[in-house]
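J.: I would like to see how this sequence folds:
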Amino acid sequence: MMLNEITAAAGRHKRRKRVGRGESSGKGKTCGRGNKGCQSRAGGGVRRLTEGGQMPIFRRLPKRGFSNFNFRTEFETVNVCELERRFDDGAMVDCDTLKKLRLVQGADPLVKILAKGTLSKKLTVQAHAFSGKARELIEKAGGSVSIIERLDPGAAWKAKRFSAQPDRKKKATKAVKAPAPAKPEPEPPAESSTPESEA
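T.: Next comes the predicted model:
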């Protein structure tokens, strides 16, 4: 017997435990929640990876490496076999026509043409990037390719992050101190005017 073959009469649906109904409910005074503490309160609990007062493992381990999450560029890929199948000879292929045919998704996708399959139709293709083989196949069939200019990856993120911050490169100008006055040189000791003692 499989789990999906268990009938309702045999106990397919398990009844939910009703707690918080007093000592006569069969679950005791604390209703299965133990004693006091955050675990016994509604909405309480301890978050994952909590180790009491000890430093958690994700803070004890060093952080190494680099993440390019804020700078990576993700393309919607379209192969030349799709262009061969969905477009007529001499057609214009751009982001709008690809979106209408549901070959790419998103409001403003970045499109890259790849070289899977063959192409025999003369097409004018506009995209943000082409593989070398895909460019060769399109031009060999008599078509042309043109690259759509796009922003520098991460430019929007950089502008958002650094626009609100003050320019930290500007250093406060230091006040020029006046030169200290020169100290007067000490005078030589005066010669004594007493006559020399006779021999």
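
J.: just for this structure, where's the confidence low?
T.: Along the chain, the model assigns pLDDT under 70 to residues 151-157, 164-180, 190-199.

J.: can you give me the strands for it?
T.: Counting by DSSP state E, the chain has these strands, from start to end: 76-79, 92-93, 111-114, 124-127, 129-130, 144-147.

J.: May I see the buried residues of the fourth one?
T.: So the one you mean is strand 124-127. Within strand 124-127, the residues that count as buried by 16 or more other Cβ atoms under 10 Å are Val125, Gln126, Ala127. Using the backbone N, CA and C atoms, a C-beta is placed for each residue, glycine as well.

J.: Arg60: which of these is nearest?
T.: Minimum distance to Arg60 across the buried residues of strand 124-127 is 47.1 Å, recorded for Ala127 (Cβ to Cβ).

J.: excluding its backbone neighbours, what's nearest that closest one?
T.: Residue nearest to Ala127 in three dimensions, not counting chain neighbours: Val111, with 4.4 Å by Cβ to Cβ, 6 or more residues apart in numbering.

J.: quick revisit: tabulate the strands of the chain (CSV), appending distance to Gln39.
T.: Below are the strands of the chain laid out as CSV (distance: least, Cβ to Cβ, whole Å):
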stretch, distance to Gln39
strand 76-79, 47
strand 92-93, 60
strand 111-114, 52
strand 124-127, 56
strand 129-130, 54
strand 144-147, 59
